[in-house]
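J.: Could you look at this predicted model? Sequence included:
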Amino acid sequence: AGQAGWSAGGRGANGPRGGGPPAVDLEAERAAAGLLAAAAQAGLLDAAHDLSDGGLAVALAESGLAGGKGGQVSLPGDPFTLLFSESAARVMVAVTPGSEREFAAVCERHGVPAQALGTVGGDSLEVTGVFSVGLDGLAAAHRGVLPALFG
């Protein structure tokens, strides 16, 4: 079990928009879908998660819980915008270890910007300088919210 790079693709976070919904960019959506299909067909992906519902923060949490692996992420720029932006045509992927260069080349061919954000592994989810939470604590919070609200 090696480390896989986390990358975000798409056209990037739009930043705060005064509460309005993110704009849909069909060309960007098509490019991201083509990228995912090509990367999956080439065996370059271990996982993928869209960022449209809850942004990168939710994608990291859901992926960590589903896969039973934590990760270490470093974010360039404003962490709030990068973690919670629900901009369209964005995806987080776990690249098969050793395939990072090939994945970057596929991104370039499809015109989809991408950036390595960190690694997969361990028993906690850490966003450098922002937060760190163990997968056990994350799972307990996830399981406990609705029962606590609705008894």
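T.: Okay, I see it.

J.: Please, where are all the strands along this structure?
T.: Assigned by DSSP state E, the chain shows strands spanning 5-9, 45-50, 71-73, 91-95, 115-120, 124-127, 131-134.

J.: In this protein, what helix or strand scores lowest on average pLDDT?
T.: When each helix and strand of the chain is scored by mean pLDDT, DSSP states H and E, strand 5-9 comes last, with a mean of 48.

J.: pLDDT at Val24, what is it?
T.: pLDDT for Val24: 84.

J.: circling back to that earlier point, adding mean neighbour count, write the strands of the chain out as JSON lines.
T.: (C-beta placed from N, C-alpha, C; glycine too.) Below are the strands of the chain laid out as JSON lines (neighbours: other C-beta atoms under 10 Å):
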{"stretch": "strand 5-9", "mean neighbour count": "23"}
{"stretch": "strand 45-50", "mean neighbour count": "18"}
{"stretch": "strand 71-73", "mean neighbour count": "22"}
{"stretch": "strand 91-95", "mean neighbour count": "23"}
{"stretch": "strand 115-120", "mean neighbour count": "19"}
{"stretch": "strand 124-127", "mean neighbour count": "20"}
{"stretch": "strand 131-134", "mean neighbour count": "14"}
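
J.: List just the one of those that sits closest to Ser63.
T.: strand 45-50 (5.3 Å; C-beta to C-beta).

J.: The closest one - what's its average pLDDT?
T.: So the average pLDDT for strand 45-50 ends up being 94.

J.: Could you measure from the residue nearest to the spatial centre of the chain over to Arg143?
T.: Closest residue to the average C-alpha location of the chain: Met92 at 2.9 Å, with C-alpha atoms, centre = their mean. Noted for Met92: a distance of 23 Å to Arg143, by C-beta to C-beta, to the nearest Å.

J.: Now do Leu51 against Gly144, distance only.
T.: Leu51 sits 25 Å away from Gly144, going by C-beta to C-beta.

J.: Gln115 is in contact with Pro76, correct?
T.: Yes - using C-beta atoms under 8 Å as the test, Pro76 is close enough to Gln115 to be in contact (7.2 Å).

J.: Verify the contact between Leu138 and Leu125 for me.
T.: Yes - under the criterion of C-beta under 8 Å, Leu138 makes contact with Leu125 at 6.5 Å.
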